[in-house]
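Novice: build me a model:
(one chain, ligands or ions: 1)
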Amino acid sequence: MKKSPLQIARAAYQPKLPKTLKNQVKLVEGEKTQSVADQNEIEKLFPNTYGMPLLKFVESSEKSDFSAINAGVILSGGQAPGGHNVISGLFDGLKAIHKDSKLYGFLIGPGGLVDHKYIELTAEIIDEYRNTGGFDIIGSGRTKLEDPVQFEKGLEILKKLNIKALVIIGGDDSNTNACVLAEYYAAKNAGIQVIGCPKTIDGDLKNEMIETSFGFDTACKVYSELIGNIQRDCNSSRKYWHFIKLMGRSASHIALECALQTQPNFCIVSEEVEAKKQSLDEIVTNIAQSVSNRAKDGNDFGTVLIPEGLIEFIPEMRLLMDELNDFLAHHADEFSAIEKNKQRDYMTCKLSPKNAIVYASLPEGVAHQLTLDRDPHGNVQVSLIETEKLLAEMVGVKLAQWKKDGKYMGKFATQVHFFGYEGRCAAPSNYDADYCYALGYTASLLIVNGKTGYMSSVRNTTEPAENWIAGGVPVTMMMNMEKRHGEMKPVIQKALVKLNGSPFKTFAANREQWAKETCYVYPGPIQYFGPTEVCDQPSKTLLLEQGKTT
Ligand code: FBP
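Specialist: Numbering: from 1, shown residues only. Below is the predicted model:
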């Protein structure tokens, strides 16, 4: 495969490892854990993997001799920069344990385990993918592992390949499934351990023991570079308002991080919209007000950042979507049998009167997008809902009315953007390259120590890498019960933006100034080589959460 000079230089990058992991380690058990909520239900559902202690690796002088171990790895869900480094860290860790250890990769996500599609990952393959973006080494997929028939099919191939442990690299839903699988194999003494790794650009898989999910750092840096470029453009031509939707599903972490990095004129935080019970009209009025204020200074241009999942947080839309979810969970076939141009009328008749009014008021495109298929985990595919167009259109209508009433004199022209796929496969930043490699290496140590139902954890990552702390967190500790596909299920609790957290407070303290003035920051592209303050900085979100200055 032909490579660019940067790719060649990057392939030679040696990720930084925590000091402890460079030496002999031993495992120290911490406190026993409990699930974040619904303890009784979760304990009943996970009798073999509930309540396990936190784990930490520390340096040890005892030399241990381990036999070779075969492990499998799966990439699950949306791509996130650094996945290849988790696999290379895992591979190097397994080889350090014993040179004859083997790593098998199941192809195109969890489906590869069920369908027995796999490859052996050799040193040659691994070397091709070190420090690269993407999940193409083995591919990824969204097949949901939830059925004992799938678990048994998986067990067949795991036994055949003499695999003792499976590492599932995924987001909250995939790690939930990893835990269900760990419990299933533990309950039947199958001799298969399952370890999870926290992946997702969305940044919503985090808690006191998992500081961040990998990929968030790189994706936000890529989006911030693009937003900065757009800001430079609109500050040059002075004629467009740019409405920029950012991936991230429900949580607004990506939008907030990008706002902290680029200082746009407006950034919506869905969690605030929900807390303040803001209606769609209120959100539109706030943006229009900002446009009008800037127009008074002759600035008919600006940037608005919109989190992908906004629509679910607007109370009237949430009620509508809950009813749509329930209805579609039970009548999906009936609904898809209706002709496309009659689906809207059909759905309006099925909804309760209040929700029917909201549904009928939406532009055709958005109404249709709300009824598209849910993903295999029951999530509305918010990336398909064009909120950026909806808001740009509605702000335009409001400003036209204000113009008629003599309240607004400016010019309003818009451009809309959606940034998501542009960042998910970027070459990982040094932070993600190092973090991922350490996560993979830690997973190999959890395996050799016989652990199952744990997520690999690397903490203290705002410090230099050598001081990072590696260990394991029981997945059941992160769980609660939530409604999915119309039924209560155990799932890892999503971490949404905390309105009393330092990242949001920092944004809130500055946003009035950013709204009125032009305070843009242009972060530029990710740098891989150069001074540490340029190349190795974690996200602003993480720095602020850990009380560091940004
Ligand atoms: P994960 O939760 O699997 O990490 O996926 C993240 C994500 O990029 C979301 O931000 C986005 O809504 C979704 O994937 C898009 O899914 P798809 O890749 O199936 O279009």
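Novice: so where's the protein uncertain?
Specialist: For the chain, the stretches with pLDDT under 70 are 376-379.
Novice: let me know the outermost residue of it.
Specialist: Centroid-distance maximum for the chain: Gly406 at 44.6 Å, with Cα atoms, centre = their mean.
Novice: what about it, is that helix, strand or coil?
Specialist: Following DSSP: H, G, I helix; E, B strand; the rest coil, Gly406 is assigned to coil.
Novice: and the nearest residue to Cys519 once chain neighbours are set aside, what does it touch?
Specialist: Nearest residue to Cys519 in three dimensions, chain neighbours excluded: Gln263, at 4.7 Å (Cβ to Cβ, 6 or more residues apart in numbering). C-beta coordinates here come from the backbone N, C-alpha and C atoms, glycine included. Gln263 is in contact with Asn510, Trp514, Cys519, Tyr520, Val521, counting by Cβ atoms under 8 Å, 6 or more residues apart in numbering.
Novice: format these as CSV; extra columns: neighbour count and secondary structure.
Specialist: Converted to CSV, these look like this (neighbours: other Cβ atoms under 10 Å; DSSP: H, G, I helix; E, B strand; the rest coil):
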residue, neighbour count, secondary structure
Asn510, 14, helix
Trp514, 22, helix
Cys519, 14, coil
Tyr520, 19, coil
Val521, 15, coil
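Novice: quick one: which of the residues you listed is nearest to the ligand?
Specialist: Nearest to the ligand, judged by Cβ to the nearest ligand atom, of the contacts of Gln263 is Val521 at 23.6 Å.
Novice: can you give me phi and psi for the closest one?
Specialist: Recorded main-chain torsions at Val521 are phi -110, psi 140, according to degrees, to the nearest 10.
Novice: what's the most distant pair in the contacts of Gln263?
Specialist: Spatially, the most separated pair among the contacts of Gln263 is Asn510 and Tyr520, at 12.6 Å (Cβ to Cβ).
Novice: could I get the contacts of Gln263 as JSON lines with distance to Ala337?
Specialist: As requested, the contacts of Gln263 are exported to JSON lines (distance: Cβ to Cβ, whole Å):
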{"residue": "Asn510", "distance to Ala337": "52"}
{"residue": "Trp514", "distance to Ala337": "49"}
{"residue": "Cys519", "distance to Ala337": "53"}
{"residue": "Tyr520", "distance to Ala337": "50"}
{"residue": "Val521", "distance to Ala337": "51"}
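Novice: which single one of these is nearest to Glu312?
Specialist: Trp514 (25.4 Å).
Novice: gap between the residue nearest to Cys519 and the ligand?
Specialist: From Gln263 across to the ligand, the span is 23 Å (Cβ to the nearest ligand atom, to the nearest Å).
Novice: before we move on, what about Phe266?
Specialist: The value you get for Phe266 to the ligand, if Cβ to the nearest ligand atom is used, is 21 Å.
Novice: for that residue, give me its contacts.
Specialist: So Phe266 contacts Asn286, Ile287, Ser290, Gly302, Thr303, Val304, Leu305, Arg511, Ala515 (Cβ under 8 Å, 6+ apart).
Novice: likewise Glu31?
Specialist: Glu31 neighbours (Cβ under 8 Å, 6+ apart): Pro53, Leu54.
Novice: then Ala427?
Specialist: Counted by Cβ under 8 Å, 6+ apart, Ala427 has contacts Gln7, Arg10, Pro81, Asn131, Thr132, Gly133, Thr218, Ile526, Tyr528.
Novice: mind running it again at 7 Å?
Specialist: Applying Cβ atoms under 7 Å, 6 or more residues apart in numbering to Ala427 gives the contacts Arg10, Pro81, Asn131, Thr132, Gly133.
Novice: would you list the phi and psi of the third one?
Specialist: In other words, Asn131. Residue torsions, per degrees, to the nearest 10, at Asn131 are phi 60, psi 20.
Novice: if we can go back for a sec, from Val284, how far off is the residue farthest from the centre of the chain?
Specialist: 20 Å (Cβ to Cβ, to the nearest Å).
Novice: any idea which of the contacts of Ala427 is the one closest to Asp322?
Specialist: For the contacts of Ala427, the nearest to Asp322 is Pro81 (33.4 Å; Cβ to Cβ).
Novice: the helix or strand where Leu324 lies: what's the following helix or strand?
Specialist: In this assignment (DSSP states H and E), Leu324 forms part of helix 315-336. For helix 315-336, the following helix or strand on the C-terminal side (DSSP H and E) is helix 343-350.
Novice: so which elements touch that following helix?
Specialist: Where contact means 3 or more Cβ pairs under 7 Å, 6 or more residues apart in numbering; DSSP states H and E, helix 343-350 is packed against helix 353-361.
Novice: one more time with 10 Å
Specialist: helix 315-336, helix 353-361, helix 364-370 (3 or more Cβ pairs under 10 Å, 6 or more residues apart in numbering; DSSP states H and E).
Novice: and the chain, which residues reach the ligand?
Specialist: 77-78, 80, 171, 200-202, 247-249, 308, 382-383, 420, 424 (Cβ under 6 Å from any ligand atom).
Novice: try 5 Å
Specialist: Residues of the chain found near the ligand (Cβ under 5 Å from any ligand atom) are Gly77, Gly78, Gly171, Thr200, Asp202, Met247, Arg249, Ser383.
Novice: give me the residue from the stretch 251-400 of the chain nearest the ligand.
Specialist: Ser383 (4.0 Å).
Novice: what's the separation between that residue and Cys197?
Specialist: 23 Å.
Novice: more neighbours, these two?
Specialist: Set Ser383 next to Cys197 and count neighbours by other Cβ atoms under 10 Å: Cys197 wins out with 33 against 18.
Novice: wait, is the more buried one part of a strand?
Specialist: Yes. Assessed with three-state DSSP, Cys197 lies in a strand.
Novice: what is the neighbour count of Tyr4?
Specialist: Slight slip there: residue 4 is Ser, not Tyr. 8.
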